[in-house]
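[1] return atomic coordinates for the entry below.
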Amino acid sequence: MPADMAGIFIRLTGDTRADIPPALPNVAKQSMKNVLVLGANGQIARWVIAALTDRNDVFLTLLQRNPNKLTGWEPANGQVVIGNVLDRKLLRAAMTGQDIVYANLIGEDLDIQATRVIEAMQSAGVKRLVFVLSLGIYDEVPGQFGQWNNATIGNDLQPYRRAADAIERSGLDYTILRPAWLTDEHEVDYEITTKTDPFKGTVVSRKSVADLIGKIITSPDLHLGGNLGVNKPGSDGDKPHFM
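    Sure, this is the predicted structure:
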């Protein structure tokens, strides 16, 4: 596969990458719920995509940066866009016709990425956004764990906080999720806290966060305007158990 495929749309056939046509227009489906996943190769996103695969009422557009991370098992009810959310032209094209955007992004420039997402959604008239950030952006984690968390990742969270502020000012119909430290446990076991609540617990599985995202995608009025901490019940401690 060519290394430089930025902006290439790949129409998927379910279990093969052989059918790669030249650049296509956005093919969001009028009769389906159109979902744009940003950062589609992320570990939480993979669970979300798996849950929505083969649904005949959902059409997925999966944006990811690295074509070498295509697995060949991308869902039949979707298309892949290779590119970067910082590419304004590409992002606007990918937004066209979408009903909901789920952002699974990371990086030191996350606030800039969030701003580009907001701009593209506003330009395309797309309102519903689910954006995954992190615990600790409001210094809301109490006790010894909060001190440890702040000492460990506090500086890294500054762009995450700026991203949250931009999303809340955007006028979009957003839900912000702030997961605890993530595990790969194959379990769905979580509780949520609001922005004004002290954060609970230390960990949560990626599969649990994906479950919550999937529920919001299928029921977009769920947690509308929410800014939610997500943790595994009973996982309180001075730091995550695997650290």
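[2] what's the longest helix in this protein?
    As assigned by DSSP state H, the longest helix anywhere in the chain is helix 110-124.
[3] can you tell me how far the residue nearest the centre of the chain sits from residue 39?
    With distances taken as CA atoms, centre = their mean, residue 104 lies nearest the centre of the chain, 2.5 Å away. Here the criterion is CB to CB, to the nearest Å. By it, residue 104 lies 4 Å from residue 39. C-beta coordinates here come from the backbone N, C-alpha and C atoms, glycine included.
[4] returning to that earlier point: pLDDT of the longest helix of the chain, averaged?
    Helix 110-124 shows an average pLDDT of 97 in the prediction.
[5] contacts for it?
    38, 85-86, 88, 91-92, 94-96, 98, 101, 103, 105, 107, 126-127, 129, 131, 133, 159-160, 162-163, 166-167, 170-172 (CB atoms under 8 Å, 6 or more residues apart in numbering).
[6] and stretch 139-159, how far out from the chain middle?
    Between the centre of stretch 139-159 and the centre of its chain there are 22 Å (CA atoms, centre = their mean, to the nearest Å).
[7] how about that stretch, which residues are buried there?
    For stretch 139-159, a neighbour-count test (16 or more other CB atoms under 10 Å) marks 140-141, 145-146, 148-149, 157, 159 as buried.
[8] likewise for stretch 96-115?
    Buried-residue list, stretch 96-115, by 16+ other CB under 10 Å: 96-105, 110-115.
[9] tally of neighbours for residue 243?
    Residue 243 sits with 11 neighbouring residues when counted by other CB atoms under 10 Å.
[10] typo on my end, residue 182
    What residue 182 shows, counting by other CB under 10 Å, is a neighbour count of 18.
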